[in-house]
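S.K.: let's see this in three dimensions:
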Amino acid sequence: RRHFLAEGRNWNPYIVMGLGYQREEIETDNFPNPNSPFQEEEGAVAGKFGVGLQGDMGRVGIRTELAYRAVAINDTRAQLLNDDPPPERNDGEDWFGDVLASVGVIIPLGPEPSAPVGPAPVAPNCADSDGDGDGVNDCDDKCPGSQAGQTIGPDGCPVPVSIDLKGVNFDYDKS
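M.R.: Numbers count the residues shown, from 1 in each chain. The predicted structure is shown next:
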């Protein structure tokens, strides 16, 4: 089956194709033949193709289908009226077909499906957070209340900044 699903639509069309083996038992009464009643078992390859419509009504669904089934026929079966070996014959087509129309109710078995459970959320870790925004994680921050714009050392504490401009001299009270 190949369903043609569309978002927000409860009824979806589909196509169906299949190939299989069909086993059958045939009983006939050829009175006044002395070999009557006659019983035979045989099997043949069968193919099916068709279209359908499946509707979703919550937990229960409805499916309608119209299909054609073709079954191969063994053309060399023994004659039903005598015990002679089967003759070589060509009595027409080597298959028969029939039309199948069906309406069904779809009832899923078992509990109603639930959403998959995801992994449990990971507890926050101090190595992954920086509460004061100074660039040092909270596990290593020895001064958690540092101010924005301060120069911070690897331990999270402010460090004094001194700039030594060697060879640059200014007179006092001059720019």
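S.K.: any idea which strand is longest in this protein?
M.R.: strand 38-57 (DSSP state E).
S.K.: note down every partner strand of that one and its orientation.
M.R.: Strand pairing for strand 38-57, using DSSP bridges, gives strand 11-28 (antiparallel), strand 60-72 (antiparallel).
S.K.: pick the most buried one from those.
M.R.: Among the strands paired with strand 38-57, the stretch with the highest mean neighbour count (mean count of other C-beta atoms under 10 Å) is strand 60-72, at a mean of 15. Using the backbone N, CA and C atoms, a C-beta is placed for each residue, glycine as well.
S.K.: looking at the strands paired with strand 38-57, which is closest to residue 137?
M.R.: strand 11-28 (52.7 Å; C-beta to C-beta).
S.K.: what's that closest one in contact with?
M.R.: By C-beta atoms under 8 Å, 6 or more residues apart in numbering, the residues outside strand 11-28 that reach it are 1-6, 36-56, 65, 67, 71, 80.
S.K.: just the buried residues of the residues you listed.
M.R.: Buried subset of the contacts of strand 11-28 (neighbour count, 16 or more other C-beta atoms under 10 Å): 44, 46-48, 50, 52, 54, 65, 67, 71.
S.K.: from these, which two are the most distant?
M.R.: 44 and 54 (29.4 Å).
S.K.: low-confidence ranges in this protein?
M.R.: Across the chain, the ranges flagged by pLDDT under 70 are 74-93, 148, 175.
S.K.: what about residue 134, how many neighbours?
M.R.: Residue 134: 21 surrounding residues under other C-beta atoms under 10 Å.
S.K.: do residue 141 as well
M.R.: 22.
S.K.: distance of it relative to residue 119?
M.R.: Using C-beta to C-beta, to the nearest Å, residue 141 is found at 29 Å from residue 119.
S.K.: again, but for residue 95
M.R.: 56 Å.
S.K.: these two: which has the busier surroundings?
M.R.: Each of residue 95 and residue 119 has its neighbours counted (other C-beta under 10 Å); residue 95 has more, 14 against 5.
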